[in-house]
Every structure is written in C-alpha cells, then in structure tokens.
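Colleague: structural data only, the sequence is not supplied:
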Ligand code: OSB
Ligand code: MG
C-alpha cells in the first residue's frame, strides 16, 4: 500500500446538547479528519479525537495538526507500507502524541481494508456481527433532569448507563439513580476528579452495585488507583491512565484496575488498541470501547474495534443522532435494542458524505509530497 496524498480538514459540528464532564463542557465538536488516498482512487478515513483544549489529555486540535503536518504525514507519504501495523512501528521514535498518530493510522487501516476488499472489523480480526452499546451521560443541572434522560435512554434500549460524576455531584446523585432504576447496568466516570483523600466518598459508592467506577484519580496515576481498588468492592476501570500495552501490563500487575476502557486515539491507534485488547484477554481483564464524542468516521472505527472478542462490556459508542442533527457518513450509526449492526462493506463500512463534510469544514490542506 502507498499513500499518495493526504488531506487534513478542520471541522466544526454543533452538538445537539452540551456535554459536561468534571473537567469542562463541550458545546460543539471541533476535530481533524484525515483522508489518505492511494493511486487507485480509493480513500481511507481517520479522525483525531483531540479536543480544542488540553483538559482530557495534553493534546489539542492544533498540536495534532502540527504533528500531522510536520512529522507524521512526511513519515508515510509515498512510502511502501506492507501492513497498517507498520504505521505505528514507523511512528515509534516520535514520542507520545497518540491522538495525532491514531488519526492517520486509522486512515491507513481503512485504506488497507478497502484495498483488500474486507470490512475493517474482519481485517482487525473481529468476529462479532453486532455490538452491544451503552451511553455516557454528562453532568446535568438537576438530578431530576438526569433521571428523565436515563429514562429516555432505557426506553431507547441502551444496555448500560454511565453517569459522569465530580465532587459535589456524586453519592447523592448515584443514590437517586439507583433508587429509581434498581436493576440497570450502572457505572460512574470521574475523569480524574478525586484524590486519595476522597477515599471515603469512593467507598460510599460501593453500596450502589455499580459495574465499575471509571478513572477516579489523576490522569497519570496507576499507583494510587491500586490502593483505592484494594479498598473497594466495585471494580475500577482505567481510561486516562492507559496509553499503551506497557501501561496496561503495569496497571493489571499492580491491581490498579479490573477493567480497561480502550480508546483508539488515547493509545495511538488500532494496532496498539488491539495489543491492549490481546493482553487483557490473556489476563482475563474485560475491556470496552470508550468514546470521545466522535463524528461518524471515528464512530465507525470504534465499532470495528469493538468486534474483537474481549470487548465483553457495552461501550460508549451511541447512535449518531444522540450527538448530531446530521452525521458525516451514510448510513448514520443507529442503535436498535442496545445493539449496533456491524457493517459488512469494505473498510469502515460507512460512506463519508463529501458535501456534508465540506459544509462543516473551516480549514483544509492537501499534502502530496
Ligand atoms: O471520559 O469517556 C470519557 C467525552 C469526552 C471526554 C472524555 C470522555 C467522554 C465521554 C463521552 O464519556 C463518550 C461518548 O459519548 O463519546
Ligand atoms: Mg472516561
């Protein structure tokens, strides 16, 4: 495979409703799309999940554009690539910048799958024909508002509810949710808002039969999480802290978590995501696929990854219509009774709509040498 041309596009899409986490609120979604073309008129598509501000991790849309333009595209363009696994190997001397690497690596995976005329899911080794999904619910103004939302999502068929928490919006909130919905699969995501001093609060959450508590402590910690996990019956799931299979090995070895959230962007692409999946499978650590409010392109990559066998818990990949009035792909992603049917077309399996993409594009640049 040879990538002859890459186009970067900066898009801005309205979110139907603001999404709030412990670190901030998203009103709209700005991100980079990567289109990688070969000589046969085929395009592979990837999406950067870096946000505008470095609050989830240290990357931003601007740092990703810089990394792609000045380091990553020059590493790939016009070079012979025998398999997409070679892409992350080529990038390995460049430290971190995982979301930037993942954006173009994803385009290379899609292009490769299209060249061999296989769905991306099958190309990765995935076998599931449909995947089970849950939904992530941001911090709301009132508990009543949250309960109404959960009621809607339960009715829509979502199989697992994730509620964002932060200090001051935690135990009382989860208590009310559990009271109203005694038997739903329920979990909480703190996005690193707590410290070891908050252990009593985390212990209080133990009484609500949560399937997990996601990333309670610092985004760079795996040591203190092991101390918390020892004190809790509820499994801890790590998100922000896991960047590589080495991180997963250390976290599992230390007992810092019992479940891992795999986000393709956070770990530097599909090849690394698969490595973490394989390690966790071998060590009986269930994984699930996290979300970053992706457009249809990133969502399609998440769906393909989730077809791997050890994605045994519902992920955050909800329907397109939960985020956007109009998605970039055809058909858009739909959820029926909590399941997404995996497409069987080659590559990501959804067709990017160029007219719609152009409508959301605020900057575009093409690289071909
Ligand atoms: O921690 O999983 C997270 C959104 C933005 C940043 C971090 C996270 C999230 C979500 C939303 O939970 C997942 C989604 O619906 O895409
Ligand atoms: Mg999270």
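Modeller: Nice, thanks for sending it over. Here the structure is a predicted model, which means the values were calculated and not measured. Numbering: from 1, shown residues only. Ligands and ions are numbered 1, 2, ... in the order given.
Colleague: now residue 134: closest residue in space, sequence neighbours ignored.
Modeller: Leaving aside its chain neighbours, residue 134 sits nearest to residue 160 (3.1 Å; criterion: C-beta to C-beta, 6 or more residues apart in numbering). Bear in mind the C-beta positions are built from the backbone N, C-alpha and C, glycine included.
Colleague: do the helix or strand containing residue 298 and ligand 1 meet at all?
Modeller: For residue 298, the element it lies in under DSSP states H and E is helix 296-306. No: Helix 296-306 stays clear of ligand 1 (C-beta under 6 Å from any ligand atom), getting no nearer than 8.3 Å.
Colleague: that helix packs against which elements?
Modeller: Packing partners of helix 296-306 (3 or more C-beta pairs under 8 Å, 6 or more residues apart in numbering; DSSP states H and E): strand 43-47, helix 98-115, helix 120-124, helix 270-282, strand 287-289, strand 329-330.
Colleague: run the last query once more with 7 Å
Modeller: Judged by 3 or more C-beta pairs under 7 Å, 6 or more residues apart in numbering; DSSP states H and E, the packing partners of helix 296-306 are strand 43-47, helix 120-124, helix 270-282, strand 287-289, strand 329-330.
Colleague: quick check: next helix or strand after the helix or strand residue 224 falls within?
Modeller: Following DSSP H and E, one finds residue 224 within helix 223-231. Moving toward the C-terminus from helix 223-231, the next helix or strand (DSSP H and E) is strand 236-238.
Colleague: for that following strand, what does the pLDDT average out to?
Modeller: For strand 236-238, mean pLDDT is 98.
Colleague: ok, it: who's next to it in the sheet?
Modeller: Note on strand 236-238: by DSSP bridges, its sheet partners are strand 212-214 (parallel), strand 259-262 (parallel).
Colleague: of these, which is nearest ligand 2?
Modeller: When the strands paired with strand 236-238 are compared by C-beta to the ion, strand 212-214 sits nearest ligand 2, at 4.9 Å.
Colleague: and the closest one, how far out from the chain's middle?
Modeller: Put simply, strand 212-214 sits 16 Å off its chain's centre (C-alpha atoms, centre = their mean, to the nearest Å).
Colleague: that strand: which residues count as buried?
Modeller: Neighbour counts over strand 212-214 (16 or more other C-beta atoms under 10 Å) mark 212, 213, 214 as buried.
Colleague: now render these as CSV, adding pLDDT and distance to ligand 1.
Modeller: Shown next, in CSV, are the buried residues of strand 212-214 (pLDDT from 0 to 100; distance: C-beta to the nearest ligand atom, whole Å):
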residue, pLDDT, distance to ligand 1
212, 98, 12
213, 98, 12
214, 98, 7
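Colleague: which parts of this structure belong to which domain?
Modeller: 5-116+353-367, 122-341 (automatic domain parsing).
Colleague: which of those sits closest to residue 347?
Modeller: Among the domains of the chain, domain 5-116+353-367 comes nearest to residue 347, with 4.1 Å by C-beta to C-beta.
Colleague: just to revisit the earlier point, I'd say the residue nearest to residue 134 and residue 316 touch.
Modeller: No: using C-beta atoms under 7 Å, residue 160 is not in contact with residue 316; the gap is 9.2 Å.
Colleague: per-residue pLDDT, residue 135?
Modeller: pLDDT, read off for residue 135, is 98.
Colleague: backbone dihedrals for it, please?
Modeller: phi -140, psi 140 (degrees, to the nearest 10).
Colleague: what's the distance between residue 359 and ligand 2?
Modeller: Distance, residue 359 to ligand 2, using C-beta to the ion, to the nearest Å: 30 Å.
Colleague: oh, I was asking about residue 368
Modeller: 37 Å.
Colleague: for residue 38, see how far away that residue is.
Modeller: Separation of residue 368 from residue 38 (C-beta to C-beta, to the nearest Å): 12 Å.
Colleague: quick check, nearest of the buried residues of strand 212-214 to residue 338?
Modeller: Of all the buried residues of strand 212-214, residue 338 sits closest to residue 212, with 17.8 Å by C-beta to C-beta.
Colleague: residues in contact with residue 56?
Modeller: residue 23 (C-beta atoms under 7 Å, 6 or more residues apart in numbering).
Colleague: surely it is in a helix?
Modeller: No: counting by DSSP: H, G, I helix; E, B strand; the rest coil, one finds residue 56 to be coil, located in no helix.
Colleague: which pLDDT value goes with it?
Modeller: We have a pLDDT of 97 for residue 56.
Colleague: ramachandran coordinates for it?
Modeller: When read as degrees, to the nearest 10, the backbone of residue 56 gives phi -80, psi -50.
Colleague: hmm, back to that, hmm, who's touching the helix holding residue 298?
Modeller: Defining contact as C-beta under 7 Å, 6+ apart, one finds that helix 296-306 is touched by 33, 45, 47, 49, 106, 120-121, 124, 126, 131, 264, 270, 273, 289, 291-292, 294, 315, 317, 320, 327-329, 332-333, 340, 342, 348-350, 352.
Colleague: low-confidence stretches in this protein?
Modeller: Low-confidence segments of the chain (pLDDT under 70): none present.
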